[in-house]
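> Take a look and give me a structure for this.
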Amino acid sequence: MLDAYCEAMAAAGTPVVKAETLLTGIRAALRAGYSPRSVLIGLGMWDSEGFRSPRKIEEPVQKSARQAPEPVHAMSVDDLLAEGRERYTRFLGRKVMATPSKADLRRERSMAAVRAYIEGSP
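Model (predicted):
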């Protein structure tokens, strides 16, 4: 599975450096009970996040599995990675549409206070 991921990434123009570091995260996801297809979808999501920490592979696999079931039709590695990227885009869309967090509300109040101070300054 790691080889298939690396080949797909190299074909896309972004070869994986030190691929063996990904094995720990992939194995953890497989031990948790996720299928190889689900792990590849999660790797697409993980890749889209941009942080690319090998220790964080299992988290996007879980997120992608919570979003939607594994597709039942046959898909290539490239298609599974694309599915993961699409799920990440949908995940961000839902995250943006969700109610603001307490931290977001504090930031908004702080920005409003700074604006009011700047506008009130002579």
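> Could you use CA atoms for every contact and neighbour count after this?
OK.
> I'd like the distance between the nearest residue to E86 once chain neighbours are set aside and R87.
Closest residue in space to E86, ignoring its immediate chain neighbours: M45 at 7.7 Å, by Cα to Cα, 6 or more residues apart in numbering. Using Cα to Cα, to the nearest Å, M45 is found at 7 Å from R87.
> Now list whatever residues contact both of the two.
Common neighbours of M45 and R87 (criterion: Cα atoms under 8 Å, 6 or more residues apart in numbering): S64.
> so where's the chain uncertain?
Of all residues in the chain, those with pLDDT under 70 make up the ranges 95-98, 121-122.
> longest helix of it?
helix 77-97 (DSSP state H).
> quick check, distance from it to the centre of its chain.
Shown here is helix 77-97, whose average C-alpha point lies 7 Å from the average C-alpha point of the whole chain (Cα atoms, centre = their mean, to the nearest Å).
> Contacts for it next, please.
Contacts made with helix 77-97 from outside it, assessed by Cα under 8 Å, 6+ apart, are listed as 4-5, 8, 37, 40-49, 64, 67.
> Out of those, the closest to K56 would be?
Minimum separation from K56 among these (Cα to Cα) is found for W46, which lies at 7.9 Å.
> What would the host helix or strand of the closest one look like as CSV? C-alpha coordinates only.
The secondary structure element spanning W46 is helix 36-49 (assigned by DSSP states H and E). The C-alpha coordinates for helix 36-49 follow below in CSV (Å, rounded to 0.1, in the frame of the first residue of the first chain):
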residue,chain,number,x,y,z
PRO,A,36,-6.4,-0.5,3.0
ARG,A,37,-8.8,1.4,0.8
SER,A,38,-10.0,3.5,3.7
VAL,A,39,-6.3,4.2,4.6
LEU,A,40,-5.6,5.4,1.1
ILE,A,41,-8.7,7.7,1.3
GLY,A,42,-7.3,9.0,4.6
LEU,A,43,-3.9,9.5,3.1
GLY,A,44,-5.5,11.7,0.5
MET,A,45,-7.1,13.7,3.2
TRP,A,46,-3.9,13.8,5.2
ASP,A,47,-2.0,15.0,2.2
SER,A,48,-4.5,17.8,1.6
GLU,A,49,-4.2,19.0,5.2
